[in-house]
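> Using only what follows, build the 3D model:
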Amino acid sequence: MGANGKTGSQGSPAMECSEQTALMRRALESARAALDRNEVPVGAVVALDGAVLGAAHNQPIALNDCTAHAELLALRQACAARGTYRLPGAVLYVTLEPCVMCVGAIILARIARVYFGARDPKAGALGSVYDIGRDGRLNHGIEVYGGILEQECAALMRMFFAHRRALEWNSPAPGNAAGCSPASLRDSSPE
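A predicted model of the protein is given here:
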């Protein structure tokens, strides 16, 4: 059952579950590509009738573009592939619950369903912090299903941020050639 209380099944449940898993695995592959490039490991896939129209990973650092989230890049590819700015009936698979910006684009593209892996308790806009996709005041609603391969998606995020924190603690602080580590902070005492 989805986060909105609907099952969303079309066709046989086993076939749909298999397709959802395969497409989320494809999104995970994209997320791993982001990880390899030191970007936050989020991957997204847009599919229509099981065919992939777009697949992307986060690239804000590489593209110097704060809007270069995986969802937006995958939506841009899908729209280009279809030659239109709307994708009715299309489904988005993303490894992390989308943010407000991405949900806005999902609504504008008229995506029918979103399957996400890990919840985002700090910025998630499909149920965790906000629930924009199911806000009845908007002219388009989205069926939302969270927790698809959640453990794998969440583990990738935890690994990235643990590594990033380790690098930050072990690298020189700005203006301090000696650097600053958690150990040096604990061991230093004011004189």
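
> Show me what the helix ranked longest in the chain packs onto, helices and strands only.
If you go by DSSP state H, the chain has its longest helix at helix 13-36. Helix 13-36 sits against strand 43-48, strand 51-57, helix 70-82, strand 91-96, strand 113-118, helix 150-170, with contacts defined as 3 or more CB pairs under 8 Å, 6 or more residues apart in numbering; DSSP states H and E. The C-beta positions use only the backbone N, C-alpha and C, and glycine is treated the same way.

> how about that helix: buried residues?
Using 16 or more other CB atoms under 10 Å as the test for burial, helix 13-36 gives 19, 20, 23, 24, 26, 27, 28, 30, 31, 33, 34, 35.

> swap in stretch 101-121?
In stretch 101-121, counting by 16+ other CB under 10 Å, buried: 102-107, 109-120.

> Give me the distance between residue 46 and residue 157.
21 Å (CB to CB, to the nearest Å).

> And residue 117, by the same measure?
9 Å.

> Which residue is the nearest non-sequential neighbour of the residue most central in space within the chain?
In the chain, the residue lying closest to the centroid (CA atoms, centre = their mean) is residue 96, at 3.3 Å. Closest residue in space to residue 96, ignoring its immediate chain neighbours: residue 42 at 4.8 Å, by CB to CB, 6 or more residues apart in numbering.

> burial count for the one you found?
32 (other CB atoms under 10 Å).

> higher neighbour count, residue 46 and residue 157?
residue 46 (31 against 19).

> mind listing what that one touches?
Residues in contact with residue 46, defined by CB atoms under 8 Å, 6 or more residues apart in numbering, are 52-55, 74-75, 77-78, 87, 90-93, 111.

> Take those and lay them out in TSV including distance to residue 163 and pLDDT.
Formatted as TSV, these follow (distance: CB to CB, whole Å; pLDDT from 0 to 100):
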residue	distance to residue 163	pLDDT
52	29	98
53	32	98
54	28	98
55	24	98
74	25	98
75	28	98
77	28	98
78	31	98
87	35	98
90	34	98
91	31	98
92	27	98
93	25	98
111	32	98
